[in-house]
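A.B. asks: sequence and predicted structure, then a few things I'm wondering about:
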Amino acid sequence: MSHAPRKSLKSAFATLLGLALVAAPVAAIPAQASTDGTGVVINELYMNGGSSGASYLNKFVELYNPTGADIPLTGMSLQYRSRTGTGDPTTVTALTGVIPAHKTYLVAGGSNAANGAALPTPDQSDAGLNFAGAGGLVILADQTSALNPGTGDIAGAPGVIDAVGYGTANTFETAAASAASVSTSINRTDGADTNDNSAD
């Protein structure tokens, strides 16, 4: 799949809100978790779509391809588990399409109400992706069936390409990222993945 380049939603947030938040032939790239910039990362999460004061109508996950080659997403999925969950994720969204080299891929999720601006046209949508604002775990998995990575620090766990535990989540990479407000997102700095959610 090819599509026009899109600004990272981080840039859109900065423009919209006036604040900076800290987005050919297909060559298959391995889907393992990687801190050396050779695999897809979860670049940005917005959990409060539609809420009163929300920047956007829908929740979303933005993936980023930091490599110089297109990466097919077939066989991968986005999975969500609650902040206290210990079993399989409650939501599994099988991914489709391709992330072009050095580009982003936007997956639109559900909405809490009818507030906020419409997202740019997403690459994929699943209204069942409904992340809680206070805490949770989002996994980019190398499978389309539910993946239970355990709890605590899951950096490098089998099947996990990337993961972001945030807020009061009991599962994360090294340590949980701080939860975002209704008008901000959780995002990586320059697409870098250090396997430490609190630092990234």
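C.D. replies: Sure thing, it's come through. Residues are numbered from 1 along each chain as shown.
A.B. asks: give me the pLDDT for the closest residue to Ala176 other than its chain neighbours.
C.D. replies: In space, and not counting its chain neighbours, Ala176 is closest to Gly165: 4.6 Å by C-beta to C-beta, 6 or more residues apart in numbering. C-betas here are computed from N, CA, C, even on glycine. Predicted confidence (pLDDT) for Gly165: 96.
A.B. asks: next up, identify which helix or strand Gly165 is on.
C.D. replies: Taking DSSP states H and E as the criterion, Gly165 maps to strand 160-167.
A.B. asks: the helix or strand that comes right after that strand packs against which elements?
C.D. replies: Using DSSP H and E, the helix or strand that directly follows strand 160-167 along the chain is strand 171-172. Applying 3 or more C-beta pairs under 8 Å, 6 or more residues apart in numbering; DSSP states H and E, one finds that strand 171-172 contacts strand 152-153, strand 160-167.
A.B. asks: where in the chain is pLDDT low?
C.D. replies: 1-37 (pLDDT under 70).
A.B. asks: what about the helices in it?
C.D. replies: 9-17 (DSSP state H).
A.B. asks: now the strands: where do they sit in it?
C.D. replies: 41-46, 60-64, 71-72, 77-82, 91-94, 98-99, 104-108, 124-125, 135-141, 152-153, 160-167, 171-172, 186-187 (DSSP state E).
A.B. asks: which strands or helices does the first one pack on?
C.D. replies: By that I understand strand 41-46. Using 3+ C-beta pairs under 8 Å, 6+ apart as the contact test, the elements touching strand 41-46 are helix 9-17, strand 60-64, strand 135-141, strand 160-167, strand 186-187.
A.B. asks: check the fourth one too.
C.D. replies: If contacts are counted by 3+ C-beta pairs under 8 Å, 6+ apart, strand 77-82 sits against strand 91-94, strand 135-141.
A.B. asks: given that strand, what are its sheet partners and their directions?
C.D. replies: Here strand 77-82 has these sheet partners by DSSP bridges: strand 91-94 (antiparallel), strand 135-141 (antiparallel).
A.B. asks: report the inter-axis angle for the last one versus strand 60-64.
C.D. replies: Regarding strand 135-141 and strand 60-64, their directions subtend 40 degrees when assessed with axes from the mean of the first three to the mean of the last three C-alpha atoms, to 10 degrees.
A.B. asks: as PDB, could you dump the C-alpha coordinates of strand 135-141?
C.D. replies: Coordinates of each C-alpha in strand 135-141 appear next as PDB, following Å, rounded to 0.1, in the frame of the first residue of the first chain:
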ATOM      1  CA  GLY A 135      -3.100   3.300  32.600                       C
ATOM      2  CA  GLY A 136      -2.800   0.300  30.400                       C
ATOM      3  CA  LEU A 137      -0.600  -1.700  28.100                       C
ATOM      4  CA  VAL A 138      -0.400  -1.500  24.300                       C
ATOM      5  CA  ILE A 139       1.600  -4.200  22.500                       C
ATOM      6  CA  LEU A 140       2.800  -4.400  18.900                       C
ATOM      7  CA  ALA A 141       2.900  -8.200  18.500                       C
END
